[in-house]
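**Q** following is a predicted model, sequence given first.
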Amino acid sequence: EPEVTQTPSHQVTQMGQEVILRCVPISNHLYFYWYRQILGQKVEFLVSFYNNEISEKSEIFDDQFSVERPDGSNFTLKIRSTKLEDSAMYFCASSRRGYNEQFFGPGTRLTVL
Amino acid sequence: SQQGEEDPQALSIQEGENATMNCSYKTSINNLQWYRQNSGRGLVHLILIRSNEREKHSGRLRVTLDTSKKSSSLLITASRAADTASYFCATDAVEYGNKLVFGAGTILRVKS
């Protein structure tokens, strides 16, 4: 059964460093998303991406964040200058259409020191 | 406004018993989805119920949706120790796009 994959599973970085989190969505899906979950808190939406552009973003998704689909399979989230409060589990998700089932990857645990 | 608030926050049952978790939300929705998350792991999609549906089944899972009360329930029948996890409801709506808004979740513990 096709699934969303994410790399790395764990990322430790120093405050101020840039990180890139990678995702491979399900191949015939057209909508891609990033969410995050700070330890012990709710899963929060960051950004959605469709037709090679951002379709929606939350207040969390400020100028330090960016997303890219560099080729036909990968979908990346870049955090330019990490802060301590960026420490969280980051989930990528994809769906075939809008307003449809969203399938999540296993997540990348980001720790900012 | 907050969407997708589950109750109870935690539920502990014996293997073989049924587990019922509830979710309430505040605005009109397109769909409501239920997810399972094992400790520190990814979100596993369980079931999606659309706003024009009232009940849906998948294996041992039964989901109901009452749009007049803005609530949903997830019933797991004949629970197993492997069902131990956190369960989240998530909603999407035209007014806030197809992003999912998650509740805080119910922690289910099934004792063997």
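**A** Cool, got the structure. It should be emphasised that the depicted structure is a prediction, and the values quoted were computed from it without experimental measurement.

**Q** not counting residues beside it along the chain, what's closest to the residue most central in space within chain A?
**A** In chain A, the centroid-proximal residue (CA atoms, centre = their mean) is A:W34; its distance is 3.3 Å. In space, and not counting its chain neighbours, A:W34 is closest to A:L46: 4.3 Å by CB to CB, 6 or more residues apart in numbering or on different chains. Where you see a C-beta, it was placed from the backbone N, CA and C, and this is true even at glycine.

**Q** which SS class is the one you found?
**A** Here A:L46 is recorded as strand under DSSP: H, G, I helix; E, B strand; the rest coil.

**Q** can you show me the strands along the chain?
**A** Picking chain A for this. Applying DSSP state E to chain A gives strands spanning A:5-7, A:10-13, A:19-24, A:31-37, A:43-50, A:53-57, A:65-68, A:75-79, A:88-95, A:103-104, A:108-112.

**Q** um, chain B though
**A** If DSSP E is used as the criterion, the strands of chain B fall at B:5-7, B:10-14, B:19-24, B:31-37, B:43-50, B:55-58, B:61-66, B:71-76, B:85-92, B:101-102, B:106-111.

**Q** in CSV: the ones you listed, plus mean neighbour count, mean pLDDT and distance to chain A.
**A** Conversion of the strands of chain B to CSV gives the following (neighbours: other CB atoms under 10 Å in any protein chain shown; pLDDT from 0 to 100; distance: least, CB to the nearest CB, whole Å):
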stretch, mean neighbour count, mean pLDDT, distance to chain A
strand B:5-7, 18, 78, 10
strand B:10-14, 13, 95, 13
strand B:19-24, 20, 95, 13
strand B:31-37, 23, 95, 6
strand B:43-50, 18, 96, 4
strand B:55-58, 12, 97, 12
strand B:61-66, 18, 98, 13
strand B:71-76, 20, 97, 15
strand B:85-92, 24, 94, 6
strand B:101-102, 23, 93, 4
strand B:106-111, 18, 96, 11
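
**Q** wait, B:E6 sits on B:G105?
**A** Yes. Judged on CB atoms under 8 Å, B:E6 makes contact with B:G105 at a distance of 5.7 Å.

**Q** pull up the overlap in contacts between the two.
**A** B:87-88 (CB atoms under 8 Å, 6 or more residues apart in numbering or on different chains).

**Q** how about the strands of chain A in JSON lines, adding mean pLDDT?
**A** Below are the strands of chain A laid out as JSON lines (pLDDT from 0 to 100):
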{"stretch": "strand A:5-7", "mean pLDDT": "97"}
{"stretch": "strand A:10-13", "mean pLDDT": "98"}
{"stretch": "strand A:19-24", "mean pLDDT": "98"}
{"stretch": "strand A:31-37", "mean pLDDT": "97"}
{"stretch": "strand A:43-50", "mean pLDDT": "95"}
{"stretch": "strand A:53-57", "mean pLDDT": "94"}
{"stretch": "strand A:65-68", "mean pLDDT": "96"}
{"stretch": "strand A:75-79", "mean pLDDT": "97"}
{"stretch": "strand A:88-95", "mean pLDDT": "97"}
{"stretch": "strand A:103-104", "mean pLDDT": "96"}
{"stretch": "strand A:108-112", "mean pLDDT": "98"}
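
**Q** these into a markdown table, with extra columns for distance to B:A93?
**A** Listed next are these as a markdown table, based on distance: least, CB to CB, whole Å:
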| stretch | distance to B:A93 |
| --- | --- |
| strand A:5-7 | 27 |
| strand A:10-13 | 33 |
| strand A:19-24 | 25 |
| strand A:31-37 | 15 |
| strand A:43-50 | 12 |
| strand A:53-57 | 12 |
| strand A:65-68 | 23 |
| strand A:75-79 | 24 |
| strand A:88-95 | 15 |
| strand A:103-104 | 19 |
| strand A:108-112 | 28 |
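
**Q** great, nothing more from me.
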